[in-house]
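# Requesting a structural model of the entry that follows:
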Amino acid sequence: MPKIYAIADLHLSHAVPDKAMDVFGAHWANHTERLKAAWENTVKENDLVLIPGDISWAMYLSDAEADLAFLGGLPGKKLLLRGNHDFWWSSITKVRSALPDGVFALQNDTFRFGTIEIAGTRGWTIPECAGFKESADRKLYEREKQRLNLSLLQLSPDTTHLVMFHYPPFAENGTPSEFISMLAPYAVKAVVYGHLHGAKAHASAFTGTFNGTPYHLVAADALQFTPKLIWEI
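Numbering: from 1, shown residues only. The predicted structure is shown next:
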């Protein structure tokens, strides 16, 4: 039976070679090769992999095409969500026109995979976080709430619902944001998110069940670059 996996923060750089991730720690050394090997040993052709953001270091869509082609060559279908470093992600029409076969993008809508339907949005730094700045973050936070609402409203009542974020929907101390309360009417069965890097950030991230919904941190370095199983159909 098909399975759904998730892994975020791939930070691919096939066209941006000066962005090698090992400058952020030895555990990032050769991460693209390690990701490829782990992916091919884990994911089958009839599976789906959720990729919630920070996909490519490219600044322009044309430069991201090598990274997208790399993803297209890996087993399974892939569903992309924009992260804060995905500057190459322009209009959704242009992005979708550049995607290889089997690679899809989520923005203000939903994606259906058999009996599963996936909603979500990038998210942003939440007011409950210590680093939230009213002048810099409030507008973006409110816009992401609107985008999440647009996505959730398109979920069908006859499907199983999963949700993707890039940013964590909880503060460092585990306090939930308004993003969490927005999910309540939709009986969400699992939520995935990334964005957080390093042992300290991983340790403070909320993982586990809240109001009956499991939350998964799927940042690539937190998973040792191996896609995590989220759901089996």
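# what about the helices in this protein?
Remark: helices assigned in the chain by DSSP state H are 31-42, 61-72, 92-98, 134-152, 178-183, 199-204.
# check contacts around the spatially most central residue of the chain.
Nearest residue to the geometric centre of the chain (Cα atoms, centre = their mean): Pro52, 0.9 Å. With contacts defined as Cβ atoms under 8 Å, 6 or more residues apart in numbering, the neighbours of Pro52 are 6, 8, 81, 83, 120, 164-166, 192-194, 218. Using the backbone N, CA and C atoms, a C-beta is placed for each residue, glycine as well.
# please redo it, this time with the cut-off set to 10 Å
6-9, 79-83, 106, 118, 120-123, 163-167, 191-195, 216, 218-219 (Cβ atoms under 10 Å, 6 or more residues apart in numbering).
# quick one: the nearest residue to Ala98 once chain neighbours are set aside from Leu148, how far?
Leaving aside its sequence neighbours, Ala98 sits nearest to Leu61 (Cβ to Cβ, 6 or more residues apart in numbering; 5.6 Å). Distance, Leu61 to Leu148, by Cβ to Cβ, to the nearest Å: 24 Å.
# Who has more neighbours out of these two?
Taking neighbours as other Cβ atoms under 10 Å, Leu61 and Leu148 compare with Leu148 leading, 23 against 18.
# State the pLDDT value of the more buried one.
We note a pLDDT of 98 for Leu148 in this prediction.
# if you skip the residues just before and after it, what's nearest to it?
Leu148 sits nearest to Thr121 (Cβ to Cβ, 6+ apart), 4.4 Å away.
# returning to that earlier point: can you tell which of the helices of the chain is closest to Ile233?
helix 31-42 (16.3 Å; Cβ to Cβ).
# Buried residues of that closest one, list them for me.
Within helix 31-42, the residues that qualify as buried are 31-32, 34-35, 38-39, 42, counting by 16 or more other Cβ atoms under 10 Å.
# and which of those is nearest to Ala130?
His31 (28.6 Å).
# Thought His197 was touching that closest one, still the case?
No: using Cβ atoms under 10 Å, His31 makes no contact with His197, being 11.6 Å away.
# So which bits of stretch 111-130 are buried?
111, 113, 116-126, 128-129.
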